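1. Just need the structure, nothing else, for what follows:
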Amino acid sequence: MKRNYIWILAGFLFVAACSYDTVFRSSVLDQKLETLIKSASPSGQIDHFILPDHSEYTQIPQDPKNPMNASKVALGQYLFFETGIGLDAVKGAGMETYSCATCHVPSLGFKPGAIQGIADGGIGFAGERSVHPDYEESELDAQGIRALSVLNVAFVTNTFWNGQFGGNDINEGTESLWNKEELTEVNHLGFSGIESQNIEGIVSHRMHMDEELAEELAYNVLFDLAFPSYKKEERYTKETASLAMSAYLRSLITDQAPFQDWLKGDDQALTEQQKRGGILFFSKANCYSCHNGPSFNSMNFYALGVKDMYQTGGVFTSVDDRRNLGRGGFTKQEEDMYKFKVPQLYNLKHAPFYFHGSSKENIDEVIEYFDEAIPENADVPNEQISNKFKPLYLTDQEKEDLKAFLEDALYDPYIDRYVPPYVKSGNCFPNNDPVSQLTLGCN
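-> Sure thing, here's the model as predicted:
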């Protein structure tokens, strides 16, 4: 009797599992979306697109030379927003007025609110940031290409629009190109992309860290907990500060977006319109052919013929800026010219500018650009334009459906969980210039 009971129970569980699949995707829209996702997934399963929990560090991709731990992430979170380390400003007026979050604003998808990120030499918060009157254009820490979102950067092996940072993966074999002049000498240290970029970035973005400053700002204990194996004289440095920030950035996972809930089994997490938009994403709109990584990113590069930053009003950039050349600006290979890395797609909703040159101001314009597939930058030769960039012939309703998927289904509304309540300097953050202090109400 006991044996029969076991077999009956096993049979029930098997039937229940099959029934769960049926109930799980009970509507035609849900079933169609799941089928398309599985077809697009390298594993043939939807779990390819399920992001890990932001607090489960062992499940998050990370650099073996910079393993994540809670103390390191906590330290990195503080430092990312800490204006008190902005001590290497060109002028006194810029001292302690900026942080990494100046150009990576959480509420804007960790991207700038203006067409261009300006740290040292900028005044004002988010979309109202402008140039400080004491600074010449050549003195600004102004990014000549739009800052990429750092959300889900754990799934990016080599960072920057041209993938130049990191001595791993796609940059293996490019060692002869790593030099100080083009800021890629850091790749010789053997770190992955985000670690390499931050080691260089903490210097190029004019930030400081040493033992005296760590103690003054009361970060020394967190440094001790985050880097216990480092010798004391090597523990409180720009490099360790950048490694802590990298660990923090790897924890920025949009695991609470509605689409993530849908992938995990909640059919009610998406509206019917969002589901129709998802179906378009994986079919007629062909978005998935490029955006096929876990966060709808990829480490592939394509030329879409969009405008460069100098053409859209950016300062301290020009037609000769090598960043306009995309991957080719780094590799010097003709076949890589004007090709840019595929960015991730979560939390686009409130980011007011898109593409590397900030040439589009909303999702509607982005969808329209892909739908018409007409290059807008005369500097980009037609032969370099991706053969995937061709008219989609979407109807007005399809455009609205696709927009609903991109803007809302992929929007994690709880990004504030990644923002510290304060920084230990006591300064205003993420900016601490007089205009920002007034805007943020912390002067």
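
2. can you give me how far stretch 152-168 is from the chain middle?
-> How far stretch 152-168 lies from its chain's middle: 10 Å, per C-alpha atoms, centre = their mean, to the nearest Å.

3. what's the first-to-last distance across it?
-> 18 Å (C-alpha to C-alpha, to the nearest Å).

4. Got the domain ranges for the chain?
-> Annotated domains of the chain cover 27-55+257-409, 59-253+415-440 [automatic domain parsing].

5. can you put those in CSV and add mean pLDDT and mean neighbour count?
-> C-betas here are computed from N, CA, C, even on glycine. CSV is the format used below for these (pLDDT from 0 to 100; neighbours: other C-beta atoms under 10 Å):
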stretch, mean pLDDT, mean neighbour count
domain 27-55+257-409, 97, 18
domain 59-253+415-440, 97, 20
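
6. So Glu212: helix, strand or coil?
-> helix (DSSP: H, G, I helix; E, B strand; the rest coil).

7. quick one, helices of the stretch 301-443 of the chain?
-> Here the stretch 301-443 of the chain has its helices, by DSSP state H, counting those that start in this stretch, at 327-331, 363-372, 396-404, 434-440.

8. Determine which of those helices approaches Arg235 most closely.
-> helix 434-440 (31.4 Å; C-beta to C-beta).

9. ok, the nearest residue to Ala70 once chain neighbours are set aside - contacts?
-> Leaving aside its sequence neighbours, Ala70 sits nearest to Tyr57 (C-beta to C-beta, 6 or more residues apart in numbering; 7.6 Å). Going by C-beta atoms under 8 Å, 6 or more residues apart in numbering, Tyr57 touches 68-70, 73, 251.

10. quick one: which of those is nearest Met209?
-> Using C-beta to C-beta, the contacts of Tyr57 come closest to Met209 at Val73, 17.0 Å.

11. residues contacting that closest one?
-> Counted by C-beta under 8 Å, 6+ apart, Val73 has contacts 57, 244, 247-248, 251.

12. now Val153
-> So Val153 contacts 159, 194, 249-250, 252, 344 (C-beta under 8 Å, 6+ apart).

13. now with 6 Å?
-> By C-beta atoms under 6 Å, 6 or more residues apart in numbering, Val153 lies in contact with 194, 249.

14. Strands along the stretch 301-443 of the chain, start to end?
-> Using DSSP state E, counting those that start in this stretch, the strands of the stretch 301-443 of the chain run over residues 301-302, 340-341.

15. so can I have TSV of the contacts of Val73 showing secondary structure and distance to Gly127?
-> Output for the contacts of Val73, formatted as TSV (DSSP: H, G, I helix; E, B strand; the rest coil; distance: C-beta to C-beta, whole Å):
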residue	secondary structure	distance to Gly127
Tyr57	helix	33
Ala244	helix	29
Ala247	helix	29
Tyr248	helix	24
Ser251	coil	26
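
16. Greatest separation within the residues you listed: which pair is it?
-> Tyr57 and Ala244 (13.5 Å).

17. Could you report the separation of the closest residue to Glu334 other than its chain neighbours from Glu200?
-> Counting by C-beta to C-beta, 6+ apart, Glu334 lies nearest to Gly328, which is 7.0 Å off, once chain neighbours are set aside. The gap separating Gly328 from Glu200 is 20 Å, by C-beta to C-beta, to the nearest Å.

18. now do Gly326
-> 19 Å.

19. before we move on, what about Leu406?
-> Leu406 is 32 Å from Glu200, by C-beta to C-beta.

20. Mark which of the contacts of Tyr57 are part of helices, please.
-> Mapping the contacts of Tyr57 onto helices (DSSP state H) picks out 70, 73.

21. quick one: which of the contacts of Tyr57 is nearest to Lys232?
-> Closest to Lys232, out of all of the contacts of Tyr57 and judged by C-beta to C-beta, is Asn69, at 18.7 Å.

22. Off-centre distance for stretch 419-435?
-> With C-alpha atoms, centre = their mean, you get 22 Å for stretch 419-435.

23. Sounds good, over and out.
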